[in-house]
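Asks: Quick one, structure for this:
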Amino acid sequence: MADVSLLQVQICYASPEAQILHDFTVEQGTTLQQAILDSGLLRQQNGIDLAACRVGIFGKLKTPDTLLRDGDRIEIYRPLIADPMDSRRARMEKSSRESR
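Replies: Now for the predicted structure:
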C-alpha cells in the first residue's frame, strides 16, 4: 500500500450570520475545489454557490484547480453587495454636502 502524505489545511467562510473556520486534513494532490467539497462546508452552509463565489488562499485569488500545500487557509469570498468605489464616492459626496 502506498504511503499517502496528508496536509493540514483550514477553510474559512464568513456570512452575515456565521463565521466559519474549520481545520481538516486532505491528501497531497488535492485541489482547492475538491477540498471545499470534501470539507462539508457546502452542506453546512447551503447558501454558498461556488459558481458565483471566488476562492483564494491567504487572501490571494486562486483557481479551483490550484493544488493545496500544507498549512494553506482556503477562503471562499462572497459576491460584493456594493462596489467599494461607489460606496466611497457616496460617503465623500455626503461628507462634502454636510460640511457646506
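Asks: in the protein, which helix has the most residues?
Replies: helix 84-98 (DSSP state H).
Asks: Please spell out which residues along it are buried.
Replies: Using 16 or more other Cβ atoms under 10 Å as the test for burial, helix 84-98 gives no buried residues. Glycine gets a C-beta too; all of them are placed from N, C-alpha and C.
Asks: what's the distance between it and the middle of its chain?
Replies: Averaging C-alpha positions (Cα atoms, centre = their mean, to the nearest Å) puts helix 84-98 28 Å from its chain's average.
Asks: Repeat that for stretch 29-36.
Replies: 13 Å.
Asks: could you give the mean pLDDT of it?
Replies: For stretch 29-36, the mean per-residue pLDDT is 95.
Asks: which residues sit against it?
Replies: 7, 9, 11, 24, 26, 38, 42, 50, 55, 57, 62-68, 74, 76 (Cβ atoms under 8 Å, 6 or more residues apart in numbering).
Asks: which strands and helices sit next to the longest helix of the chain?
Replies: Contacting helix 84-98 under the criterion 3 or more Cβ pairs under 8 Å, 6 or more residues apart in numbering; DSSP states H and E is no other helix or strand.
Asks: Just the C-alphas of that helix, formatted as PDB.
Replies: Extracted in PDB, the C-alpha atoms of helix 84-98 (Å, rounded to 0.1, in the frame of the first residue of the first chain):
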ATOM      1  CA  PRO A  84     -16.400  49.700  -2.800                       C
ATOM      2  CA  MET A  85     -15.500  52.600  -5.100                       C
ATOM      3  CA  ASP A  86     -19.200  53.600  -5.500                       C
ATOM      4  CA  SER A  87     -19.700  53.400  -1.700                       C
ATOM      5  CA  ARG A  88     -16.600  55.600  -1.100                       C
ATOM      6  CA  ARG A  89     -17.800  58.200  -3.600                       C
ATOM      7  CA  ALA A  90     -21.200  58.300  -1.900                       C
ATOM      8  CA  ARG A  91     -19.600  58.800   1.500                       C
ATOM      9  CA  MET A  92     -17.400  61.600   0.100                       C
ATOM     10  CA  GLU A  93     -20.400  63.300  -1.500                       C
ATOM     11  CA  LYS A  94     -22.400  63.100   1.700                       C
ATOM     12  CA  SER A  95     -19.500  64.400   3.700                       C
ATOM     13  CA  SER A  96     -18.900  67.400   1.400                       C
ATOM     14  CA  ARG A  97     -22.700  68.300   1.400                       C
ATOM     15  CA  GLU A  98     -22.700  68.200   5.200                       C
END
